[in-house]
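Participant: Give the three-dimensional model of this entry:
(one chain, ligands or ions: 2)
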Amino acid sequence: MNSSATMTRSNEPEDVEVHNRSEHPGLARRSAGWIEVIAGSMFSGKSEELIRRLRRAKIARQKVQVFKPEIDKRFSQDHIVSHSEMKHESANVRTAADVRANIQPDTEVVGIDEAQFFDNELIQVVNELAELGMRVIVAGLDQDYTGKPWEPMPQLLAVAEYITKTHAICVKCSQPANYSQRIFESEERVAVGATGMYEARCRQCFVPHADAPTIHPD
Ligand code: ADP
Ligand code: ZN
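Facilitator: Ligands and ions are numbered 1, 2, ... in the order given. The predicted structure is shown next:
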């Protein structure tokens, strides 16, 4: 518990921002941007963490643009919404190329949620935006319901400057959960949903095919 909290703090990209500025006072040209990836299972707090970072950027009066794939219309068409009902404005787009096409030249921070639903061109797009000087924050599921790495997340994790791995709480045993357990019958890789369709599970409690939902005593 303690060690993971320490790890997250030392990965805090905000610390790096401050460090860079103090090293290069009065830097005239726009400095290079970077990529941050927030990866983990369902219910692990990826959207909350993304929204937290975006809110801080807005407080710092930075120009922020946020995108999510059109497939994810669960809670809202024009907001990213966490399971804890935090939300932030966003634009729905169909492809990674649409992200590129909709970026405004004065944008400083780009947020992308549910990155696993995008095509592999997203890797090139986020690299381009970072090279243009933008801070790109990408959140997504790193594994599907069978535990298989979900592209383009593995490649995004490879090219990112900063990585945060979030964990949920295993609903069976309360250990940190790294897996999204599907609890209904379907062989489709993409079945968009949350509560009642998936559960957070640890390695020990994860069964990589449909399983009965965990019954809570309350
Ligand atoms: P993600 O984007 O990773 O799916 P969210 O940011 O949308 O996660 O939601 C995280 C929130 O989900 C938590 O703050 C908590 O309120 C809720 N939640 C529901 N089930 C769990 C669980 N098993 N473990 C942790 N948080 C859970
Ligand atoms: Zn468990």
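Participant: is the top helix by length along the chain anywhere near ligand 1?
Facilitator: Scanning the chain for the helix with the most residues, using DSSP state H, yields helix 46-59. Yes: counting by Cβ under 6 Å from any ligand atom, ligand 1 is contacted by helix 46-59 at Lys46, Ser47, Glu48. No exception for glycine: its C-beta is placed from N, CA and C like everyone else's.
Participant: Who wins on neighbours among these?
Facilitator: For those, the largest neighbour count, defined by other Cβ atoms under 10 Å, is 29 neighbours, found at Lys46.
Participant: quick one, strands of the chain?
Facilitator: 34-40, 64-69, 79-81, 87-89, 91-93, 109-112, 135-141, 162-166, 168-169, 176-177, 179-182, 198-201 (DSSP state E).
Participant: what packs against the longest helix of the chain?
Facilitator: The elements that helix 46-59 packs onto, with contact taken as 3 or more Cβ pairs under 8 Å, 6 or more residues apart in numbering; DSSP states H and E, are strand 34-40, strand 64-69, strand 79-81, strand 87-89, strand 109-112, strand 135-141, strand 162-166.
Participant: If we use 6 Å, what do you get?
Facilitator: Helix 46-59 makes packing contacts with strand 34-40, strand 64-69, strand 109-112, strand 135-141 when contacts are defined by 3 or more Cβ pairs under 6 Å, 6 or more residues apart in numbering; DSSP states H and E.
Participant: And for Ala168, the neighbour number?
Facilitator: That count, for Ala168 with other Cβ under 10 Å as the rule, works out to 22.
Participant: what residues does the protein put near ligand 2?
Facilitator: With Cβ under 5 Å from the ion as the criterion, the chain meets ligand 2 at residues Cys170, Lys172, Cys173, Gln175, Cys202, Cys205.
Participant: Could you measure from Lys68 over to Val126?
Facilitator: For Lys68, the distance to Val126 equals 14 Å [Cβ to Cβ, to the nearest Å].
Participant: which of those two has more neighbours?
Facilitator: Val126 (31 against 28).
Participant: who does the spatially most central residue of the chain bridge with?
Facilitator: Central residue of the chain (Cα atoms, centre = their mean): Ala139, 1.1 Å from the mean position. For Ala139, the beta-bridge partners are Ile38 (DSSP bridges).
Participant: Is it correct that it is in contact with Asp113?
Facilitator: Yes: here Ala139 reaches Asp113: they are 5.1 Å apart, a contact under Cβ atoms under 6 Å.
Participant: Next, format the helices and strands packed on helix 46-59 as TSV and append distance to Phe184 and mean pLDDT.
Facilitator: Shown next, in TSV, are the helices and strands packed on helix 46-59 (distance: least, Cβ to Cβ, whole Å; pLDDT from 0 to 100):
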stretch	distance to Phe184	mean pLDDT
strand 34-40	21	98
strand 64-69	22	96
strand 109-112	28	98
strand 135-141	17	98
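Participant: Tabulate those strands in TSV, adding columns for distance to Arg55.
Facilitator: Shown next, in TSV, are these (distance: least, Cβ to Cβ, whole Å):
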stretch	distance to Arg55
strand 34-40	14
strand 64-69	9
strand 109-112	10
strand 135-141	12
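Participant: still on that earlier bit, can you pull the residues that touch both of Ala139 and Asp113?
Facilitator: The contact sets of Ala139 and Asp113 overlap at Leu50 (Cβ atoms under 6 Å, 6 or more residues apart in numbering).
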